[in-house]
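Novice: This is a predicted model, with the sequence first.
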Amino acid sequence: MTSAAHELFERGLRDHLAPALRLLGLTGWRRTFSLPDPTHWALLGLVEQRADGRLRYTFDLSLVRRADWTAAAFPGPRPDPRAVYGVESWRARIGELLPVCEDVWWEVLPGPRWRVALDDSVAAVRHYGLPELRRRAERERGTAAGETYLSPAELEQVNAALLAVPVARIQRAELVGGALVLTGAWTRADAAARTVLRGVAHGFLSAGDELFAVVRCMDTLGRPLWDFDHP
């Protein structure tokens, strides 16, 4: 690996990747980050691969129960993701959580678009990595936010109808407090998503299911976007 490429990679981690991850609520620096959680270490670790003069990176995600992390066995204020094998209650490579369901690596290359890989990897963490970390921790605490409403096959049928329009798929459909909550990688500024999801919501509401009276759409960080009730 050339010194120029190495310096660019280190600069990207220091000046762009780490600050972007901290803006998402993670704490840490450079290669080891964690989500604030009362019962678990919810960890995001940078994994590097150097070969043939190139350097690529990806992320490992893991959960470690704080009760299983003892100062006597593992000294230090925060577990290192490289040292939690056999202790974690869950571990996955981020590619397993993406729609491609396979290992995904990013590479910072010299040129005018050298930040594209960094931005893309942050988006993967935001839309897929962090929501799964939070959901896993909630599930282990027995405080999952809602009851699953659609089976995986039923959810795929709904998403199949969205393939014809440029709208992110519905990742989860859950019942929470008299509302059907749909979660996906949408933003409040996405007018097309709002229009399409209004139609989806009215389709759910027209079935007259007594379990919910409103359809609530949320982004992958759990922030409310739009509520739809009976038209």
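Specialist: Looks like it arrived, so ask away. Numbering: from 1, shown residues only.

Novice: in the chain, which ranges drop under the pLDDT threshold?
Specialist: Residue ranges of the chain with pLDDT under 70: 1-3, 69-87, 142-146, 221, 231.

Novice: Would you map the helices across it?
Specialist: 3-12, 18-23, 116-124, 130-141, 152-160, 191-206 (DSSP state H).

Novice: Which elements pack onto the first one?
Specialist: Secondary structure elements in contact with helix 3-12, counted by 3 or more C-beta pairs under 8 Å, 6 or more residues apart in numbering; DSSP states H and E, are strand 54-65. In short, each C-beta sits where N, CA and C put it, glycine included.

Novice: Which positions in the strand it packs on come out as buried?
Specialist: The neighbour-count check on strand 54-65 (16 or more other C-beta atoms under 10 Å) flags 55-64 as buried.

Novice: Output the residues you listed as TSV; include the columns distance to Gly178.
Specialist: Listed next are these as TSV, based on distance: C-beta to C-beta, whole Å:
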residue	distance to Gly178
Leu55	51
Arg56	47
Tyr57	43
Thr58	40
Phe59	36
Asp60	38
Leu61	32
Ser62	35
Leu63	30
Val64	35
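
Novice: Leaving out chain neighbours, which residue sits closest to Pro99?
Specialist: If the residues on either side of it in the chain are set aside, Pro99 comes closest to Arg169, at 7.8 Å by C-beta to C-beta, 6 or more residues apart in numbering.

Novice: Give me the phi and psi angles of the one you found.
Specialist: phi -70, psi 160 (degrees, to the nearest 10).

Novice: ok, it to Arg93 distance?
Specialist: Look at Arg169 and Arg93: by C-beta to C-beta, to the nearest Å, they are 21 Å apart.

Novice: The closest residue to Ala161 other than its chain neighbours: how many residues sit nearby?
Specialist: With sequence-adjacent residues excluded and distances taken as C-beta to C-beta, 6+ apart, Ala161 is closest to Val200, at 7.9 Å. Look at Val200: counted by other C-beta atoms under 10 Å, it has 20 neighbours.

Novice: I'd like to know how far Val200 sits from Arg93.
Specialist: Val200 sits at a distance of 31 Å from Arg93 (criterion: C-beta to C-beta).

Novice: Please consider this matter closed, and thank you.
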